[in-house]
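Q: curious how this folds, go ahead:
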Amino acid sequence: MTLYELSRKYEKNYELPIIVAKCNGVIQELYHEVPPDTHVEFCTPKDKDGARVYMRGISMMLLKAIYKEVPRENIERVSIEFCLDSGYFCQIKGAVETNQELIGRIEERMKKYVEKDIPFVKKVIRTRDARQLFEDLHMHEKGKLMEFRKNSRMTVYHLGKFTDYYYGAMPYSTSILKYFKLKLFEDGFVFIIPRKETPTTLPEFAPSMKQYRTLQETNEWIKKLHVSTVGELNEEIVQGHMQDLMLTQEALHEKKIADIAVQIAERNSRIVTIAGPSSSGKTTFSYRLSTQLKTLGLRPHPIALDDYFVNRVDTPKDKDGKYNYECLEAIDTKQFNEDLDRLLQGETVQLPTYNFITGCREYDKEPLTLEKDEILVIEGIHGLNDKLTYSIPREDKFKIYISALTTLNLDGHNRIPTTEGRLLRRIIRDARTRGNSAQKTISMWNSVRAGENLNIFPFQEQADAMFNSALIYELAAMKLYADPLLFQVPKDCPEYSEAQRLLKFLDYFIPIDPHDVPLNSILREFIGGGILLG
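A: So this is what the prediction gives:
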């Protein structure tokens, strides 16, 4: 019996169609047969793994439609670049104009594919044959990706007569891919699909234009370096060009940080707030920003937002009865604003220290008086939310959003989610500094993401500056740290499938020696050995 046949027997127990299965914790496509003594768990588009499969299925269906509507000889490159709000930004390069008429034709063709219920057919072929196949199809990025694969065999997918390669499981057929929409956007278009929380409803597309410009700026920069895909990165590593690439990347970071420091100085801002999602490199960024501010004659003074936690007995609790330190109500905003007001007026203030053992604030620091050339640098989860600094005039504040916005992709059709790098950063850092296993870090990740969606992402457009902390080379540098940690995740736990997925993903990268990473790099915050944090 195949998983598909089994799923038909149990689909009445699910509110949504079954799209993929987990067999003993490993993701399997539905065409596979069910071995004896197998624990089977079905996934729908409402599940994290099911949502990933849905996105890949839509991607292949979209590309098939594009190559059907536009002659292949007119297409130089089709790319799915990055996620932006509820959509995925795409571009068609070549002798073709991306307009509403073309987008409408592509969308209609995709709807017909859904009606025809076309199966996704998986074939295993020799890697060298796959490489030649995609070279013949003018998909040169895929050929380069396979050039550095150690496996002698590869999987390719056929959707009718259209052939492509995808990293990860695919749906059984197109009939499940009912919900999508194409929309023109800037110099390309986006395809919009449901969020896993509302899998039958298409969300509104409301992108952060500041984030879009930051992503596009990074995209254009890495394309100028000819390192926009993993295959190109691996080629640079093999040819011995990594030191130059690292130094160039770090120089770009330093230039961006210096530009932000100049903006702060020109605005005469007295308070700088820094916020971003987990593992963005906020602490290292604040150190490097402080250094740049000093070169402009300013004296930055850091204030830890954590020191303004309310006493533990007054901390709000989440739905599970655990203390919720991520909500704004966990901060004594009244005392925080009073202290900031007094400092800005030139008064001397005794700042608190939060004792995480007793759960109470203490006052054991030297009193602080803010001089004319001093500015306050505040790093914390709510830094972009004006409710945190409600008493401070807008002109006195400079707000910075930092995130690791990965634009490096496996190839033009297989994007790397921005959360992938952040999760790997956190796994490595938590193991090094907190003694946490990869299993524990992965188990907490959904909760971390939920807090980001509530407390950080809604405010990113309010930032005065955005900084992209992602590094082209970081996944190759983290591989040697991450692999042993991920291999330790037990087979009989819920986190096993995620660990296996990350291991398979890292297998595309040729590792580089982490000792070559510059000592002031943001990556050092996670792998250790830096001169800023140790």
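
Q: buried residues in stretch 257-276?
A: Of the residues in stretch 257-276, 257-258, 260-261, 264-265, 269-276 count as buried by neighbour count, 16 or more other Cβ atoms under 10 Å. C-beta here means a position set from N, CA and C on the backbone, and glycine is covered the same way.

Q: please apply the same query to stretch 471-481.
A: Using 16+ other Cβ under 10 Å as the test for burial, stretch 471-481 gives 471-479, 481.

Q: what of stretch 221-232?
A: So stretch 221-232, judged by 16+ other Cβ under 10 Å, has buried residues 221-222, 225, 227-232.

Q: of all pairs in these, which one is the farthest apart?
A: W221 and G231 (18.2 Å; Cβ to Cβ).

Q: looking at the protein, which helix is longest?
A: If you go by DSSP state H, the chain has its longest helix at helix 242-267.

Q: what angle sits between the next helix or strand after that helix and helix 242-267?
A: Per DSSP states H and E, the first helix or strand lying C-terminal to helix 242-267 is strand 271-275. Here strand 271-275 runs at an angle of 140 degrees relative to helix 242-267 (axes from the mean of the first three to the mean of the last three Cα atoms, to 10 degrees).

Q: pop out the phi and psi values for the residue positioned nearest the centre of the chain.
A: Ranked by distance to the mean C-alpha position of the chain (Cα atoms, centre = their mean), the top residue is T418 at 1.6 Å. Here is the backbone geometry of T418 (degrees, to the nearest 10): phi -60, psi -30.

Q: who's in contact with it?
A: Counting by Cβ atoms under 8 Å, 6 or more residues apart in numbering, T418 touches 82-83, 403-406, 470.

Q: so which of the residues you listed sits lowest on pLDDT?
A: By pLDDT, T406 ranks lowest within the contacts of T418, coming in at 89.

Q: I'd assumed E420 was in contact with it.
A: Yes. Between T406 and E420 there is a contact at 6.8 Å, judged by Cβ atoms under 8 Å.

Q: these two: who's more crowded?
A: T406 (24 against 17; other Cβ atoms under 10 Å).

Q: ok, the more buried one - contacts?
A: Contacts of T406 were listed using Cβ under 8 Å, 6+ apart, and they are 82, 416-418, 420-421, 470.

Q: for whichever strand or helix holds L62, enumerate the helices and strands it packs against.
A: If you go by DSSP H and E, L62 is part of helix 48-69. Under the contact definition 3 or more Cβ pairs under 8 Å, 6 or more residues apart in numbering; DSSP states H and E, helix 48-69 sits against strand 20-23, strand 40-43, strand 75-84, strand 87-94, helix 100-116, strand 153-159, strand 162-164.

Q: closest one to L340 among these?
A: Nearest to L340, of all the helices and strands packed on helix 48-69, is strand 75-84, at 34.3 Å by Cβ to Cβ.

Q: gap between L480 and I527?
A: 9 Å (Cβ to Cβ, to the nearest Å).

Q: overlap of the contact sets of these two?
A: Joint contacts of L480 and I527 (Cβ under 8 Å, 6+ apart) are P514.

Q: from the chain's centroid, how far away is stretch 140-158?
A: Its chain's C-alpha centre and that of stretch 140-158 lie 24 Å apart, by Cα atoms, centre = their mean, to the nearest Å.

Q: list the buried ones in it?
A: 141-146, 148-149, 154, 156-158.

Q: in TSV, list those along with pLDDT and distance to P494.
A: Supplementary listing: the buried residues of stretch 140-158 in TSV, determined by pLDDT from 0 to 100; distance: Cβ to Cβ, whole Å:
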residue	pLDDT	distance to P494
E141	89	34
K142	91	33
G143	89	37
K144	91	36
L145	92	30
M146	91	32
F148	91	32
R149	87	29
M154	89	29
V156	95	31
Y157	96	28
H158	96	33
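
Q: nearest to V124, of those residues?
A: Using Cβ to Cβ, the buried residues of stretch 140-158 come closest to V124 at M154, 7.2 Å.

Q: give me the element the nearest residue to the closest one once chain neighbours are set aside is part of.
A: Leaving out its chain neighbours, the residue that sits closest to M154 by Cβ to Cβ, 6 or more residues apart in numbering is A130, at 4.2 Å. Using DSSP H and E, A130 sits in helix 127-136.

Q: who's in contact with that helix?
A: Defining contact as Cβ under 8 Å, 6+ apart, one finds that helix 127-136 is touched by 125, 140, 142-143, 146-147, 149, 151-154, 156, 163, 165.

Q: could the residues you listed be laid out in JSON lines, adding distance to L523?
A: Converted to JSON lines, the contacts of helix 127-136 look like this (distance: Cβ to Cβ, whole Å):
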{"residue": "I125", "distance to L523": "37"}
{"residue": "H140", "distance to L523": "29"}
{"residue": "K142", "distance to L523": "28"}
{"residue": "G143", "distance to L523": "29"}
{"residue": "M146", "distance to L523": "27"}
{"residue": "E147", "distance to L523": "26"}
{"residue": "R149", "distance to L523": "25"}
{"residue": "N151", "distance to L523": "28"}
{"residue": "S152", "distance to L523": "33"}
{"residue": "R153", "distance to L523": "33"}
{"residue": "M154", "distance to L523": "30"}
{"residue": "V156", "distance to L523": "34"}
{"residue": "T163", "distance to L523": "37"}
{"residue": "Y165", "distance to L523": "29"}
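
Q: list just the nearest of these to E362.
A: R149 (56.4 Å).

Q: and that closest one, what is it in contact with?
A: R149 sits next to 127, 508 when contact means Cβ under 8 Å, 6+ apart.

Q: quick check: the gap between it and L408.
A: 17 Å.

Q: again, but for E141
A: Using Cβ to Cβ, we find E141 at a distance of 12 Å from L408.

Q: one more: V227?
A: For V227, the distance to L408 (Cβ to Cβ) stands at 7 Å.

Q: which neighbours do these two have in common?
A: The overlap between the contact sets of V227 and L408 (Cβ under 8 Å, 6+ apart) consists of 233, 472.

Q: distance of the residue nearest to M154 relative to A463?
A: Per Cβ to Cβ, A130 is found 43 Å from A463.

Q: please apply the same query to P171.
A: Distance of P171 to A463, given as Cβ to Cβ: 38 Å.

Q: what do you get for Q132?
A: Noted for Q132: a distance of 47 Å to A463, by Cβ to Cβ.

Q: who's more crowded, the two?
A: A count of neighbours by other Cβ under 10 Å puts A463 above the other of Q132 and A463, at 23 against 14.

Q: extract the CA atoms of stretch 508-517 and return them as PDB.
A: Below are the C-alpha coordinates for stretch 508-517, written out as PDB (Å, rounded to 0.1, in the frame of the first residue of the first chain):
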ATOM      1  CA  TYR A 508      24.800  21.400  -0.300                       C
ATOM      2  CA  PHE A 509      27.600  23.500   1.200                       C
ATOM      3  CA  ILE A 510      31.300  22.900   1.000                       C
ATOM      4  CA  PRO A 511      32.500  23.800   4.600                       C
ATOM      5  CA  ILE A 512      35.100  26.500   5.200                       C
ATOM      6  CA  ASP A 513      37.500  26.800   8.100                       C
ATOM      7  CA  PRO A 514      35.700  28.900  10.800                       C
ATOM      8  CA  HIS A 515      39.100  30.200  12.100                       C
ATOM      9  CA  ASP A 516      39.200  32.300   8.900                       C
ATOM     10  CA  VAL A 517      36.100  34.300  10.000                       C
END
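
Q: report how many residues lie close to G297.
A: The burial count for G297: 8, using other Cβ under 10 Å.

Q: ok, it - contacts?
A: D373.

Q: quickly find the element holding it.
A: Counting by DSSP H and E, no helix or strand carries G297.

Q: dihedrals phi and psi, it?
A: The phi and psi values for G297, taken as degrees, to the nearest 10, are phi 90, psi 10.

Q: same question, P119
A: Backbone torsions of P119, given as degrees, to the nearest 10, read phi -80, psi 150.
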